[in-house]
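1. return a 3D structure for these sequence lines:
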Amino acid sequence: MKAYRKNKNGQRTTLVEMQKRLDRLQRINKRLSFTLKRQQKDEKQFRTLFDNKNESIFLVDPENKQIIDSNPRAAQMLGYTREEMKNMPIEQVHPHDLEQVMEFAESVLASGSCWTDTLQCRHKDGTLLESEVSGSVFEMCGRKVMIAQVRDISMIKRLEKERDQSEAKFKSLVDVMNEGLIMVDNEDRIQYVNKKFCELVGYKESHLLGKVAHEMPWVEVEADVIKSRIEERKKGNSGSYELPYVNKYGEKKWVQVSGAPVHDEQGLVVGSIAVNTDITELKRAQRTLKSKNEELATLLYRISHDLRAPVCSLLGLIDLVKREEKYGECLAQIEMMSGCAENLDSILHDLFEILQITHKEIVTKPIEVRSMVMVVIKSLENLPNFKHVNFKIKIPKDLRYTGDVLSFRSIVQNLLSNSVNYCDWQTRMPVVNVTAHHVNSIVNINISDNGKGIQKIEQPKVFDMFYRSSPNSMGTGLGLYIVSKSVEKLGGTVKLTSEFRKGTDVTIVLPETNKNHR
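-> Just a heads-up that it's a prediction; the model follows:
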């Protein structure tokens, strides 16, 4: 048997060499099979990624200006099916940006990858979508193909446009507002000022930005005052306060500052913003009003104090005249004169009481409520109707209220005297109920009677100065006005309900008064 064979060139080839070649061919075939399987696996992974990618992806043939394929997300974005997208001309998708698209494709082919700015893609219904495109190159069937990833940014663009419009509106609003606006960081360095603020302090915006606000020449107070406010803003607290400013031209102004913290996206305080309202004219008006009030207080004092002396003398003289028998025929007229003088004396007394309530500082003391009520009832014994009235007192003996004695007594006295004066003793037995109780730091006092009552139409006016429901009403018309002012001074509330010819109910709610209350 021959140990060799001849090849086609007539050369001898041994069986060993033939076996070696066969083994080499098998190894090559195995490598090719492995490579093919790997390529098939890569192709499958690519197709899976391509089909399931949340972004829109296109396979593009730059040479023929066609779309080779697209994933489902891309077809959905443009409103086509994948079959409709195959071999679609690029111009159909980018009718207005074709030149830019081709420049982009050339750049991708040259560099291997590229990112472009926005391009407009046309939807099947003709709508133009704003988009961003990134691309890369690979070979397919011996030709270069571009894979383009497209992101629809129409919503982002729309939101950016709305944001820009909102910022423009805000800037317009800020520029025309009558208050000065300033924003600073946590070191009190000025980040923003509006036009009105510049006018308020007399400096241009360029001279203010970046400067430390409390070190600027317009600030007339100690820097520590502003620093303490900044610390409050850092803690997330808002607040208002007044500051004196001196503008660039030396003019002194008063400003109401309303400040609030500014937070970043993580909720951290990064500065504060303050609205500055020019209250110079208001301050001037307040000073004028204070001066006029002082003048009025002086006048009331002179009226209530100086005029009361001759009125008391007149009452004394009338009393002497009434004792003379020879004037008996004029006694009715003298009684009328006496009534008028007594009424004038009551008015002067009430005016003096209003003056004290309005201008006298509060002096807080512990008040035994029940004892005070009993003292007031005792002081009413000279009233004509007092003997007909049955007082029912339901107040704990240990009930105390810390407040201004003068104001508290004035409230009780005016309410109880009204109940006595307007009782209906000819129709029924007059009863006045006085109750009080303490809830935490609040004292509730209720005084009710079964007297003549007040018509509903009159009730909203009963706390007005000099208001009387009819010319024949008793009193000066100042009693309930004094009650309302006394309650207001003590920081409380008063509520009156009444039913005509059935009675009146008044509830007073008073908080404990601290020593610094005015």
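2. C-alpha only now, for contacts and for neighbours.
-> Will do.
3. look up the closest residue to Phe500, ignoring the ones flanking it.
-> Nearest residue to Phe500 in three dimensions, chain neighbours excluded: Gly453, at 4.3 Å (Cα to Cα, 6 or more residues apart in numbering).
4. meant to ask about Met372, not that
-> In space, Met372 comes closest to Arg409 once its chain neighbours are excluded; the distance is 7.1 Å by Cα to Cα, 6+ apart.
5. the one you found: which element?
-> Assigned by DSSP states H and E, Arg409 belongs to helix 405-421.
6. contacting residues for the closest residue in space to Lys234 that isn't next to it in sequence?
-> Leaving out its chain neighbours, the residue that sits closest to Lys234 by Cα to Cα, 6+ apart is Val269, at 5.8 Å. Residues counted as contacts of Val269 (Cα atoms under 8 Å, 6 or more residues apart in numbering) are 186, 233-236, 261-263.
7. list just the nearest of those residues to Ser70.
-> Lowest distance from Ser70 to the contacts of Val269 (Cα to Cα) belongs to His263, with 44.7 Å.
8. distance of the closest residue to Ser56 other than its chain neighbours from Ile411?
-> Leaving aside its sequence neighbours, Ser56 sits nearest to Ala74 (Cα to Cα, 6+ apart; 4.0 Å). Ala74 sits 82 Å away from Ile411, going by Cα to Cα, to the nearest Å.
9. who's more crowded, those two?
-> Shown here are Ala74 and Ile411; by other Cα atoms under 10 Å, Ala74 has more neighbours (25 against 20).
10. would you mark the buried spots in the helix or strand encompassing the more buried one?
-> Remark: Ala74 resides in helix 72-78, with elements defined by DSSP H and E. Buried positions in helix 72-78, judged by neighbour count with 16 or more other Cα atoms under 10 Å: 72-75, 77-78.
11. ok, back up a step: tell me the pLDDT of the residue nearest to Met372.
-> If you check Arg409, the pLDDT there is 86.
12. you'd agree it is up against Val376?
-> Yes. Assessed by Cα atoms under 8 Å, Arg409 is found in contact with Val376 at 7.5 Å.
13. is it true that Cys114 touches Ser107?
-> Yes. Contact criterion Cα under 8 Å: Cys114 and Ser107 qualify, at 6.8 Å.
14. Ser228: what secondary structure?
-> The three-state label for Ser228, taken from DSSP: H, G, I helix; E, B strand; the rest coil, comes out as helix.
15. again with the one 3 residues further on
-> Following three-state DSSP, we place Glu231 in the helix state.
16. with the one 10 residues further on instead?
-> In the three-state summary, Tyr241 is assigned as strand, counting by three-state DSSP.
17. ok, for it, nearest residue in space, not its chain neighbours?
-> Of all residues beyond its chain neighbours, the one nearest Tyr241 is Val257 (5.4 Å), with distances taken as Cα to Cα, 6+ apart.
18. hang on, the earlier thing: so the residue nearest to Phe500 lies in a helix, does it not?
-> No. Assignment of Gly453 by three-state DSSP gives coil, placing it outside any helix.
19. in terms of helices and strands, where is Leu159?
-> helix 154-176.
20. one more: Asp505?
-> strand 503-511.
21. same question for Ile273.
-> Going by DSSP H and E, Ile273 is in strand 269-278.
22. ditto for Leu282
-> helix 280-301.
23. tell me the mean pLDDT over the helix or strand following the helix holding Leu159?
-> Where DSSP H and E defines the elements, the next helix or strand beyond helix 154-176 is strand 180-185. For strand 180-185, mean pLDDT is 89.
24. tell me what the helix or strand just after strand 180-185 is packed against?
-> Remark: after strand 180-185, the chain's next helix or strand is strand 190-193, criterion DSSP H and E. Strand 190-193 makes packing contacts with strand 180-185, helix 205-208 when contacts are defined by 3 or more Cα pairs under 8 Å, 6 or more residues apart in numbering; DSSP states H and E.
25. dump those to CSV, plus distance to Ser228.
-> Shown next, in CSV, are the helices and strands packed on strand 190-193 (distance: least, Cα to Cα, whole Å):
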stretch, distance to Ser228
strand 180-185, 14
helix 205-208, 21
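26. show me where the stretch 301-450 of the chain has its helices.
-> Ranges of helices in the stretch 301-450 of the chain, per DSSP state H, counting those that start in this stretch, are 308-323, 331-359, 369-379, 405-421.
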